[in-house]
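**Q** Below is the structure, and that's it, no one-letter string:
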């Protein structure tokens, strides 16, 4: 057999792995941006257009200072008309489809009950809070302002809407965003009304604005919150640092670039012109693999149970270090019949249920490879 040169083999391995890590969606998130006569909005808009994201979400305060009809096109359309559909303003061509998904901020509500906002945008649902799906991400947009007719506390009509929508969603990532942050070290501080049960209800992450700074926080239940309000208005110092705070940045304009993959999603905060200040990735187990917990003391592949089995069996395994992991099942001839995992996996303890209904009786082997660890075990299917 002809031997494959080493460098070609490395390229093949890289290519095979890379096919599992292609981006699914890329979007930008901006907050507190809508003030056309400050340099910040111009600079952030230029930076975002250089990224060429699939779409843009906003975290409120789209139209400073008072949410008026007379300023909304200058504050928004001037910089983002090519992402908006329909767009009837004066600054350029519209997008072929809508790629701009804002949420309401307190400044947007100040004039005529946010009339300018509702007239300028064409959004799903009641336009105050709504949801939409892009790729493997399901977005849930809330209105956190006290003017919201359906309420903003955890027992409100709006909160019940979110709870039910999250429960029905089958998307890989469930992203909730609104203006007023539940937790913040900024000058406004925590917003108790918006401290909903996001983790319990199934959200992946929460994004907010309002504070003119950037902060990443983690609640007691493990839910991660991003505060991103450096989109163009100005920046402000932090006040009292709350216990949930994990990273803070101010003193420059910026925005977030978010990229989802099959089993992970990456959040970057980038300060102008192109300086990554915070970089966070959430990694989910592959579909069909459930996480038992995130604490593992060793690499381990356990014996399946029951064994022999027909047709269902459970296989547990542990990954001690984050890394490229391959978990597969082969028949007695060595042919791969199932490959539940072939991608990056975080350290932790995992469980996989194999349904062998479509396979004949016989001896099968299941194998785990991660880092320098390799182990295989035998199991018997009896029908």
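**A** Looks like it came in fine. In this text the structure is predicted, and so the values were computed from the model without any measurement.
**Q** Please make it C-alpha for all contacts and neighbour counts, starting now.
**A** Fine.
**Q** looking at this structure, which helix or strand does the model trust least?
**A** Sorting the helices and strands of the chain by mean pLDDT, DSSP states H and E puts helix 6-18 at the bottom, at a mean of 42.
**Q** Sheet partners, orientation included, of whichever helix or strand comes after that one?
**A** Moving toward the C-terminus from helix 6-18, the first helix or strand encountered (DSSP states H and E) is strand 25-30. Each strand that pairs with strand 25-30, with its direction, by DSSP bridges: strand 55-58 (parallel), strand 254-260 (antiparallel).
**Q** nearest to residue 202, of the ones you listed?
**A** Smallest distance to residue 202 across these (C-alpha to C-alpha): 17.4 Å, for strand 254-260.
**Q** which residues are in contact with the closest one?
**A** Contacts with strand 254-260, where a contact means C-alpha atoms under 8 Å, 6 or more residues apart in numbering, come from 23-31, 44, 48, 136-137, 228, 230-232, 265-272.
**Q** Of the residues you listed, which qualify as buried by neighbour count?
**A** Applying 16 or more other C-alpha atoms under 10 Å to these, the neighbour count classes 24-31, 44, 48, 136-137, 228, 230-232, 265, 267-272 as buried.
**Q** still on that earlier bit, select, out of the strands paired with strand 25-30, the one closest to residue 113.
**A** The nearest among those, by C-alpha to C-alpha, is strand 55-58 at 19.0 Å.
**Q** Quick one: mean pLDDT over the closest one.
**A** Strand 55-58 shows a mean pLDDT of 98.
**Q** Then stretch 270-279?
**A** Mean pLDDT, computed over stretch 270-279, is 96.
**Q** What residues of that stretch count as buried?
**A** So, applying 16+ other C-alpha under 10 Å, buried residues of stretch 270-279: 270-272, 278.
**Q** For those, please prepare TSV with the additional fields distance to residue 70.
**A** Formatted as TSV, the entries for the buried residues of stretch 270-279 read as follows, by distance: C-alpha to C-alpha, whole Å:
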residue	distance to residue 70
270	31
271	30
272	29
278	36
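**Q** Tell me which two in these are the farthest apart.
**A** In these, two members sit farther apart than any others by C-alpha to C-alpha. They are 272 and 278, at 13.1 Å.
**Q** Could you say which of the strands paired with strand 25-30 is packed most deeply?
**A** Each of these was given a mean neighbour count from mean count of other C-alpha atoms under 10 Å, and the largest, a mean of 25, is that of strand 254-260.
**Q** can you give me the angle the helix or strand following it makes with strand 254-260?
**A** Beyond strand 254-260 on the C-terminal side, the first helix or strand identified by DSSP H and E is strand 264-271. Using axes from the mean of the first three to the mean of the last three C-alpha atoms, to 10 degrees, one finds that strand 264-271 and strand 254-260 are set 170 degrees apart in direction.
**Q** What is the burial count for the spatially closest residue to residue 312 that is not a sequence neighbour?
**A** Across the structure, with C-alpha to C-alpha, 6 or more residues apart in numbering as the measure, the residue nearest residue 312 apart from its sequence neighbours is residue 355 (4.7 Å). Using other C-alpha atoms under 10 Å as the criterion, residue 355 is surrounded by 13 other residues.
**Q** What's the per-residue pLDDT of residue 355 here?
**A** Per-residue pLDDT puts residue 355 at 94.
**Q** ditto for residue 322
**A** Per-residue confidence for residue 322 comes out at a pLDDT of 88.
**Q** measure the residue lying closest to it once chain neighbours are set aside to residue 340 for me?
**A** Taking C-alpha to C-alpha, 6+ apart as the measure, residue 322 lies nearest to residue 346, with 4.3 Å between them; neighbours along the chain are not counted. For residue 346, the distance to residue 340 (C-alpha to C-alpha, to the nearest Å) stands at 15 Å.
**Q** Which one's more surrounded, those two?
**A** Residue environment comparison for residue 346 versus residue 340 gives the larger neighbour count to residue 346, 20 against 16, counting by other C-alpha under 10 Å.
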